[in-house]
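Colleague: Give me a 3D structure for the following:
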Amino acid sequence: MMLADFIIYGILAGWVTGGKLGYLKQIKMPFFWLIIVGFLVRYVVLALFPADFIWLTLVGMSVVFIATTLSYRLPGMLLIAAGTMCNIAVMAVNQGRMPVSLPLARQLGLGALVERFYAGHFPDYVAMTSATPLAWLGDIVPYYSLLYVQPFVVSIGDYLLGIGIIWFLVQAMNGRRGR
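Modeller: Presented below is the predicted three-dimensional model:
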């Protein structure tokens, strides 16, 4: 969900700073296909096999991490890689699931979402407790989505990833292709 927001924010910020969408076609990003494959593995496998292949979400995210790290010369890629690595780390120590602060979700008015969580609708998430490893990297930060017009609870890694996407799009739309 956040990714769509940040892509839109990046395009808008690129446009406001005088950038042009046409410049995006000129970006040479040899590992872009790996990023697409990583996201497909992360989200498509989870949609098709919700609880059976939860570990594949980590594989998909690892592919995104590798691709963005290999593209380090492009603006924002190292931030995207850092955000992805934060999410991989916390999920890896929590059996492939992202820990989420349910009290914060309730505080943000997401009671219905919390009830869906307890009903098992989100197999890639786990309730955060005082014993959750690397809890500070879990979904503990409020985020308001202008696209979905509602709050969410997200991670520091998600914010790093989003800032990297915005930075990349602004720089690319303004004709800056990295070093």
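
Colleague: ok, for the residue in the chain sticking out farthest from the centre, nearest residue in space, not its chain neighbours?
Modeller: Within the chain, residue 18 marks the point farthest from the mean C-alpha position, 26.5 Å out by C-alpha atoms, centre = their mean. In space, and not counting its chain neighbours, residue 18 is closest to residue 174: 6.6 Å by C-beta to C-beta, 6 or more residues apart in numbering. No exception for glycine: its C-beta is placed from N, CA and C like everyone else's.

Colleague: The one you found: how many residues sit nearby?
Modeller: Residues contacting residue 174 under the criterion other C-beta atoms under 10 Å number 16.

Colleague: where in this protein is pLDDT low?
Modeller: 1, 46, 50-52, 177-179 (pLDDT under 70).

Colleague: what residue lies at the spatial centre of it?
Modeller: So for the chain, C-alpha atoms, centre = their mean, it's residue 158, sitting 4.5 Å from the centre.

Colleague: so who does that residue touch?
Modeller: Residue 158 makes contact with 2, 83, 87, 139, 141, 143, according to C-beta atoms under 8 Å, 6 or more residues apart in numbering.

Colleague: and the last one, how far is that from residue 37?
Modeller: When distances are taken as C-beta to C-beta, to the nearest Å, residue 143 and residue 37 turn out to be 26 Å apart.

Colleague: Please say which of those two ends up with more neighbours.
Modeller: residue 143 (18 against 15).

Colleague: That one: what's it in contact with?
Modeller: 2, 151, 152, 153, 154, 158, 159.
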